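Colleague: pasting a predicted model and its sequence here:
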Amino acid sequence: MKEKTKKNLIITLDIIIITLMAICLVTFFTKTEKEETLPKPEITTGMRGTFGIDKNINETTIDKYLQRKDSVYRDMRMLKDPGNYESIGGDSYLSGFVNGFEIVPYPYLVNVTGLPESVGETYNEETLFTMTEEGKYIENYEESMEILEYLFPKDKNIFLMCGGGGYAGMTKNMLISLGWDKNKIYNVGGYWYYEGENNIKVKNENETYDFWKIPYHNIDFETLNKVN
């Protein structure tokens with residue numbers, strides 16, 4: 001009889017311990033989720049503000065917001081941009097990127113305008129969209145919008161980066177113009193100014209580039225159906 005009582009007591013204690021652990025886990029994850037609530041996008045001031053770079057989430061703070069399941073991360077540079085970005089202190093090659101970001105070249109999305117004069121011309125071949133002088137985006141392919149929605153899911157927070165912040169700002173403007181929620185899109189600035197702990201270097205000391213490291217989204221225009 002005593003043995004049975006002892007066993008029942010052990011079982012009861014096990015149940016209490018498991019229940020307490022479950023409560024602690026729920027409390028922990030609830031608190032963590034609350035602590036990780038994103039600030040609303042807020043453009044910073046000064047020259048960086050002209051590019052639309054965010055005040056709160058940028059190159060200096062992005063490490064705190066990586067690996068979120070409710071977010072996607074897009075770097076808008078080309079592997080090798082025809083523009084002369086060395087003239088403004090940058091790199092025409094994709095010399096590195098922040099871990100977690102995937103590369104979607106902005107010049108493949110739409111014709112590029114508004115670059116500094118010293119950069120010269122960038123990529124000017126096929127694009128998913130054409131932006132008119134009035135700022136309207138015209139689909140060039142039947143799949144253009146489908147591709148855009150796949151690369152930039154509307155139900156996710158979207159963190160955008162590039163070399164200096166320009167392509168990221170242009171992408172944000174484009175998405176908002178086409179119906180994306182402005183409160184879910186962040187221009188986190190430029191990789192050239194990133195000094196965090198998630199830096200994946202592509203450029204080697206001998207001036208070669210390990211492009212194989214890059215999670216890259218290519219757009220094969222030859223497989224798409226042109227809009228007549």
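Modeller: Arrived safely, thanks for sending.

Colleague: just list the residues touching the residue nearest the centre of the chain, thanks.
Modeller: Using C-alpha atoms, centre = their mean, the residue of the chain that lies closest to the mean C-alpha position is residue 73, 2.3 Å off. Going by C-beta atoms under 8 Å, 6 or more residues apart in numbering, residue 73 touches 66, 98, 100-102, 159, 161. Quick note: C-beta positions are derived from backbone N, CA and C, even for glycine.

Colleague: is it fair to say it lies in a helix?
Modeller: No: looking at residue 73 with DSSP: H, G, I helix; E, B strand; the rest coil, it is strand, so not inside a helix.

Colleague: which residue is the nearest non-sequential neighbour of it?
Modeller: residue 101 (4.2 Å; C-beta to C-beta, 6 or more residues apart in numbering).

Colleague: tell me how many other residues surround that neighbour.
Modeller: Counted by other C-beta atoms under 10 Å, the residues lying close to residue 101 total 24.

Colleague: please report how far it lies from residue 130.
Modeller: 26 Å (C-beta to C-beta, to the nearest Å).

Colleague: so the residue nearest to the centre of the chain bridges to which residues?
Modeller: Beta-bridge partners recorded for residue 73 (DSSP bridges): residue 159.

Colleague: okay, it: pLDDT?
Modeller: Looking at residue 73, its pLDDT is 98.

Colleague: what about residue 55, how many residues nearby?
Modeller: 14.

Colleague: ok, back up a step: and the residue nearest to the centre of the chain, how far is that from residue 138?
Modeller: Counting by C-beta to C-beta, the gap from residue 73 to residue 138 is 28 Å.

Colleague: and residue 76, by the same measure?
Modeller: Going from residue 76 to residue 138 by C-beta to C-beta gives 20 Å.

Colleague: go on, residue 116?
Modeller: Counting by C-beta to C-beta - residue 116 and residue 138 are separated by 26 Å.

Colleague: what of residue 227?
Modeller: Taken as C-beta to C-beta, the span from residue 227 to residue 138 is 8 Å.

Colleague: same question for residue 190.
Modeller: Per C-beta to C-beta, residue 190 is found 29 Å from residue 138.

Colleague: quick one: which of the two has more around it?
Modeller: Counted by other C-beta under 10 Å, residue 190 and residue 138 do not tie: residue 190 has more neighbours, with 23 against 11.

Colleague: now the end-to-end length of stretch 37-44.
Modeller: The straight-line separation of the ends of stretch 37-44 (C-alpha to C-alpha, to the nearest Å) is 19 Å.

Colleague: and it, what's buried?
Modeller: Neighbour counts over stretch 37-44 (16 or more other C-beta atoms under 10 Å) mark 38, 41, 44 as buried.

Colleague: looking at the residues you listed, which is nearest residue 223?
Modeller: The nearest member of the buried residues of stretch 37-44 to residue 223, counting by C-beta to C-beta, is residue 41 at 34.3 Å.

Colleague: ok, the closest one touching residue 52?
Modeller: No: checked against C-beta atoms under 8 Å, the pair residue 41 and residue 52 is beyond contact range at 9.0 Å.

Colleague: what about the strands in this structure?
Modeller: For the chain, strands defined by DSSP state E occupy the ranges 71-75, 96-98, 102-103, 129-131, 137-139, 157-162, 185-190, 199-201.

Colleague: so, low pLDDT: which residues of the protein?
Modeller: Applying pLDDT under 70 to the chain flags residues 1-35.

Colleague: and the gap between residue 196 and residue 40?
Modeller: Distance from residue 196 to residue 40, by C-beta to C-beta: 22 Å.

Colleague: what's the answer for residue 137, then?
Modeller: Separation of residue 137 from residue 40 (C-beta to C-beta) stands at 25 Å.

Colleague: all set, thanks.
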